[in-house]
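Engineer: Got a predicted structure here, sequence first:
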Amino acid sequence: MADKYAVIGNPVAHSKSPLIHAEFARQTRQDLSYIAIPASEEDFELTVERFESAGGRGMNVTLPFKHRAFRLARERSSRAEDALAVNTLAFIDGAVFGDNTDGVGLVRDLTENLAQPLRGQRILLMGAGGASFGVCGPLLDEGPDALVIANRTVDKAVALCERFRRHAHGARLSAAGYQDLVPMRFDIVVNATSASLSGEMPALPEALFAPGGLAYDMVYGKLTPFLEFAQTRGAQSSDGLGMLVEQAAESFFLWRGVRPQTRPVIDLLREPTRR
Ligand code: ATR
C-alpha cells in the first residue's frame, strides 16, 4: 500500500501541497498518497494522532498550527528550535520528529530559482511574526552584509534580532520601524508580514530599493500592494510560490531521502488554469 502523507491546517481545502507532492512522487517514482486534512482549534493534536495511528508517515503543518506542531514533536531539528515552529512532521517508529523547512525554502527560491545571491547583500526583512521567525536564521546563515528587521511594533523586531544574534556571523543585524528606514537602500526586501493577505502593506519610504533590487512577497498567487509598490519603483519582484514548492521539496527529501526537481512543478503551478 502507498505510504500516507497529508497537510493539516485551517483552512486547508485550497492548499497546493497535495498537487505539489503528487508531482514530486510521480517524478521520483515514489509510491505515496498525500491529502489535505482540516483540523479545528479543539482537535489538532487528536487529528495528528489519528493520522499517525492509521499508518501516516508524515505531515506538513500550515496555519494556524505550526506552534502547536512544535510542541507536539518530541524531537526537533535545530532549525525548528530556532523558528519555534514546525511545518513538517515525520512519524518514525512511534516517535514524532518536527522540522521547519520554510527558511531553506525561501533561501533556495532566492538563490537558485531567482539567481539572487544573498552573501554580502543588504536585506530588509519586514515583519516580526511567525513567518519571520521561520526565515531569519537561514537568511543570516547565507552571510549577508546586513539584515534589518522592520516591524510596525518595533519591540518585536528587537526581540527577533536578539534571538538570532548568534546566527549573524559578522553580518550587521538590526531592528527598525518602517519610518526609520529612510536613508537606507536594500538589495533584497522580503515581506514576511501578513499585511498582503488583507490587501495592505507597511508604510514604506519611497526610496527603499538599491538599483536592481528585488522585492519578495511570501504570499503567492497575487499582485500584492507591496509588489505593486516595488514594480512601480523599478525593482524586480517575486511572489512566494517558489518558496512554497521549495519548502515542500525539503519536506519530501526528509521523508523519502530523494530530492525532487522543483522547476517543473513551479512552472506547472504558474499555468493560468492552476491559479
Ligand atoms: P504570522 O505568524 O503569519 O507571521 P503574526 O505572528 O500575527 O502572523 O505576525 C504578523 C506580522 O505582520 C507582524 O509582524 C505584524 O506586525 P505587528 O507585529 O506590528 O502587528 C505584521 N502586519 C500585519 N498587518 C500589517 C499591516 N497592515 N502593516 C504592517 N504590518 C502588518
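Structural biologist: Good, I have the coordinates.

Engineer: Residues contacting stretch 236-249, please?
Structural biologist: By CB atoms under 8 Å, 6 or more residues apart in numbering, the residues outside stretch 236-249 that reach it are 16-17, 20-21, 24, 60, 87, 101-102, 104-106, 108-109, 112-114, 212-222, 224, 227, 230-231, 259-260, 262, 265-266, 269-270. Every residue, glycine included, has its C-beta placed from N, CA and C.

Engineer: Quick check: residues of the stretch 101-250 of the chain near the ligand?
Structural biologist: When proximity is defined as CB under 6 Å from any ligand atom, the stretch 101-250 of the chain approaches the ligand at 127-131, 151-153, 156, 193-195, 200, 202.

Engineer: Narrow these to just the buried residues.
Structural biologist: 127, 128, 130, 131, 151, 156, 193, 195, 202 (16 or more other CB atoms under 10 Å).

Engineer: okay, those residues in TSV with secondary structure next?
Structural biologist: Compiled in TSV, these are given as follows (DSSP: H, G, I helix; E, B strand; the rest coil):
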residue	secondary structure
127	coil
128	coil
130	helix
131	helix
151	coil
156	helix
193	coil
195	helix
202	coil
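
Engineer: ok, so of these, who is nearest residue 168?
Structural biologist: Checking those against residue 168 by CB to CB gives residue 128 as the nearest, at 16.2 Å.

Engineer: Could you measure from the closest one over to residue 153?
Structural biologist: For residue 128, the distance to residue 153 equals 7 Å [CB to CB, to the nearest Å].

Engineer: Would you pull up the residue in this protein closest to the ligand?
Structural biologist: Across the chain, no residue is closer to the ligand than residue 129, which sits at 2.0 Å (CB to the nearest ligand atom).

Engineer: residues contacting that residue?
Structural biologist: By CB under 8 Å, 6+ apart, the contact set of residue 129 is 156, 192, 193, 194.

Engineer: Next up, phi/psi of the third one, please.
Structural biologist: It refers to residue 193. phi -80, psi 170 (degrees, to the nearest 10).

Engineer: In strands, which of the contacts of stretch 236-249 fall?
Structural biologist: Mapping those onto strands (DSSP state E) picks out 60, 212, 213, 214, 215, 216, 217.

Engineer: related to what we said a few turns ago, gap between the residue of the chain closest to the ligand and residue 156?
Structural biologist: 8 Å.

Engineer: Could I get the full set of helices for the stretch 101-250 of the chain?
Structural biologist: Applying DSSP state H, counting those that start in this stretch to the stretch 101-250 of the chain gives helices spanning 102-108, 130-141, 154-164, 225-232, 241-256.

Engineer: Could you list the low-pLDDT ranges of the stretch 101-250 of the chain?
Structural biologist: Along the stretch 101-250 of the chain, the model assigns pLDDT under 70 to no residue.

Engineer: Now the one residue sitting closest to the centre of the chain. Nearest residue, chain neighbours left out?
Structural biologist: By CA atoms, centre = their mean, the mean C-alpha position of the chain lies nearest to residue 102, the distance being 3.4 Å. Among residues not flanking residue 102 along the chain, residue 134 sits closest, at 3.9 Å (CB to CB, 6 or more residues apart in numbering).
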